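Peer 1: I would like to see how this sequence folds:
(chains A and B)
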Amino acid sequence: MTVLTVENLTVALPSGGDREHAIESVNFTLDAGEILCIVGESGSGKSISAAAIMGLLPPALKVRTGTIDFEGNDLLRLPPEQMRVLRGRRLGMIFQEPMTALNPLMRVGDQIAEVLKVHNVCGSSERVGELLAAVNLPDPARLGRSYPHLLSGGQRQRVMIAMALALEPAVLIADEPTTALDVTTQMQILRLIKDIQRRRGMGVLFITHDFGVVAEIADRVVVMQQGRIVETGAVASVLDHPRHDYTKALIAAVPHQARPPEPAATGRPVLELVGVRKTFSRGGGLFGRRVAVAAVSDADIVLRKGETLGLVGESGSGKSTLARCVVDLVHPETGAIRFHDTDLRLLTRANWKPFRNRIQMVFQDPFASLNPRRRVGDIIATGPMAHGVSRHEAHERVRDLLSLVQLDPGAADRYPHEFSGGQRQRIGIARALAMEPELLIADEPVSALDVSVQAQILALLEELRLRLGLTMLFITHDLRVAAQICGRVAVMQRGVIVEQGITSEVFSRPRHPYTRGLLDSIPGRSWLPPVA
Amino acid sequence: MTGFLSAYLRNRGAIAGVIVLLIVAFVAATASILFPFSPWDMRGIPFAMPGETDFLLGSDSLGRDVAAGIAYGARVSLLIGAVSTAVAVFLGVTLGAIAGYAGGFVDDAIMRFSEFFQTVPSFVLAVVLVAIFSPSLGSIVAAIAIVSWPPVTRVIRAEFLSLRSREFVQAAEVLGRSRPAIVFLEILPNALTPIIVLSSLMVANAILLESGLSFLGLGDPNMMSWGFMIGAGRSVIRLAWWMSVFPGVAIFLTVLALNLVGEGLSDALNPRLARRR
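Peer 2: Residues are numbered from 1 along each chain as shown, chains lettered A, B, ... in the order given. I've put the predicted structure just below:
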């Protein structure tokens, strides 16, 4: 039975945007008891579609044409009071960012009870406990009395789901509900949503950018590109036999080829970490006692010439801290960081300088890693100039570097905001390569990028590695990416390296339970993208 | 840049502020052409009503031209406002940048030092400083600068604290740039926006402080200033209201204009606010 029908929906963008419509002639239906995934890259209009259904479009976006039929009502023409009654009672929504979606000054249980109160449902206190139990939260009575800051991201997202389910809506809209979560938590939330949907026979509209998630959870799929629907169908047919070129390209971009096993690198160690330990102290101040938190404890890593070592783990596992120890952005307390024959940990700032030429870093966020007030050419030339290369010579080399990372040489005179995320990441890589390093540290270089751009950047890094003979320390939380680009991997959990070895061996025969858990949590693990 | 201009021009109050400021600046610049005599000269009968015997805005108790006084006073006000703000911004930015970038003990020391100045009422401190160092243009500028740098330090320090952990700053560290280069070439240009807004408000505040000082007789005795004129007219306000009212209006309009400009800048330079309109 169809519960929700979106017909010919067009939403206009404010004039001066990069296209006329945010979404154009969008048609889809949602049946009771199914999960429909809307999948697309950023800017494809998938979130706008969801916002239009909930009546939560930003004021600047106006609906041009179309109807959204829900239980015999056209949601777009419903007066606001009636829409308010439907929202929450018949239509539930969960959002992407569980960290900011809850009121920090209100107990979790009271927030859920408020939903019930607003819709005049009595007997709320027992109901809150039932709801918290229904989303598999431990000790619902105690948890209902806690404030949001005491809850982890996954727990908060469960509370959000409990709120959305409070009045047993017919349709649940989930806008990237797992994107901000770690992979193991993501798997738990996906299972929970699927489980609840089955039990209650709800229709779920699930918005995501991740084909793995689609494979894991969806019954049917809608693929959006640039505000239009390019393909609709059952999940098996779309994922395994995509018809539209865009869908094919997207699926081909999902990292999937495991790297062909190559002879283990036997060259001299370039970088050797022995017993590196870094503790942060938190809190304190005038009266409180400072609490020490071990970010990295006793990490041992060897990186040989020409190999790529992947450092994988969930957020807070200390992988970024370890990488920052290597480039002296973070100073570890104990241990040795041997680069060839020098212990970098013991160097002063001045003595470090010669090594800046040889060790470089690519950062995670392409929007924060380039100084917005400087031209791209200056950004790239800065490094060599700080090491005594003349201004003229440094700028000469900028053109070569830009073409090396496949950007137009004219880019040198422009500012970072004129570039897309993928292009900025190329600029970041060019900045690192300007120093002609032998060791490149890449800290989540593709995690902020769309899947097709991600594939391009990974291909570029691999090509550069082979061409320039780079040794690479590659940090990622995405095991698919690690499987594609890294020869060896080290798995980190709470500051400790729990397992390390040849990628294919670690992934096919994980020894540590944590590694096994991580691998089991890859969404859509059973689905292998068809090789194009 | 065109984006900034169009965002600024959308705010009518800000346009009015700029126009008033331009008029004040024009009057200050052409004072010696409009009134080719000293504002201290006795030009006619005392207590002439505005419009009477060549006195556009009347004359004071010694027959001096009030209009000329206001025109020459504009010079003093703008000069002191601009110079003392420049000095205060320089001091504040330097200390705030060091505190925000270095952190730790240096940060604590600088912030406690700035709090020392913030706990003393700024006008009282300025009065004491000018009284000790005898009133002159230099001592007034110095006193105003000394009482107005702490807010700049706080703002710059806060900006530095948040920018310091941004990835482009880390990238600069990894590239091996020197500390001064990171502070002044990488971070500072990104922290200037709030300072531009703040300094327009500081100019207004400096003009008020200067007026207050010269009202109390602590102005430069060789310079005609608005505060001095009000102070001189205060005792005869029932006889000759124009002696106090017109300089007062001049102070009011200039300070209001600067505040409007400051608000306009803050709206235009804050992309989140600009988009909402």
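
Peer 1: who are the neighbours in contact with residue 157?
Peer 2: Answering for chain A, as no chain was given. By Cβ atoms under 8 Å, 6 or more residues apart in numbering or on different chains, the contact set of A:Gln157 is A:94, A:98, A:177-178, A:181, A:185, A:189. Glycine gets a C-beta too; all of them are placed from N, C-alpha and C.

Peer 1: I was after chain B.
Peer 2: B:96-97, B:99-100, B:107, B:110-111.

Peer 1: for A:Ala218, same thing?
Peer 2: Applying Cβ under 8 Å, 6+ apart, the residues near A:Ala218 are A:35-37, A:206, A:235.

Peer 1: Go back to those and keep what's next to chain B.
Peer 2: The subset of the contacts of A:Ala218 lying close to chain B, counting by Cβ under 8 Å from any Cβ of the partner chain, is empty.

Peer 1: For these, pick the one with the most neighbours.
Peer 2: The residue in the contacts of A:Ala218 with the most neighbours, by other Cβ atoms under 10 Å in any protein chain shown, is A:Phe206 (28 neighbours).

Peer 1: Tell me where chain B has helices.
Peer 2: B:2-9, B:12-29, B:31-34, B:66-102, B:104-119, B:122-132, B:137-164, B:167-174, B:179-181, B:188-215, B:226-233, B:242-269, B:271-276 (DSSP state H).

Peer 1: What residue in the stretch 101-250 of chain B comes nearest to chain A?
Peer 2: Here the residue of the stretch 101-250 of chain B nearest chain A is B:Gly176; by Cβ to the nearest Cβ that distance is 3.3 Å.

Peer 1: List the contacts of the spatially closest residue to that residue that is not a sequence neighbour.
Peer 2: Excluding its sequence neighbours, the residue lying closest to B:Gly176 (Cβ to Cβ, 6 or more residues apart in numbering or on different chains) is A:Arg356, at 3.3 Å. Neighbour list for A:Arg356: A:383, A:386-387, A:435, B:174-176 [criterion: Cβ under 8 Å, 6+ apart].

Peer 1: Using TSV, lay out the residues you listed together with distance to A:Leu250 and neighbour count.
Peer 2: Below are these laid out as TSV (distance: Cβ to Cβ, whole Å; neighbours: other Cβ atoms under 10 Å in any protein chain shown):
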residue	distance to A:Leu250	neighbour count
A:Gly383	35	26
A:Ala386	41	20
A:His387	42	17
A:Met435	35	21
B:Val174	34	26
B:Leu175	35	25
B:Gly176	40	20
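
Peer 1: Pull the distance from stretch A:359-377 to the chain's centre.
Peer 2: Distance, stretch centre to chain centre, for stretch A:359-377: 19 Å (Cα atoms, centre = their mean, to the nearest Å).

Peer 1: ditto for stretch B:20-31
Peer 2: 16 Å.

Peer 1: What are the buried residues along that stretch?
Peer 2: Neighbour-count burial for stretch B:20-31 flags B:20-21, B:24, B:27-28, B:31 (criterion: 16 or more other Cβ atoms under 10 Å in any protein chain shown).

Peer 1: what's the burial count for B:Glu115?
Peer 2: 11.

Peer 1: Please name the nearest non-neighbouring residue to it.
Peer 2: Using Cβ to Cβ, 6+ apart, the nearest residue to B:Glu115 is B:Pro150, at 7.6 Å.

Peer 1: list the contacts for the one you found?
Peer 2: B:92, B:114-115, B:117-118 are the contacts of B:Pro150 under Cβ under 8 Å, 6+ apart.
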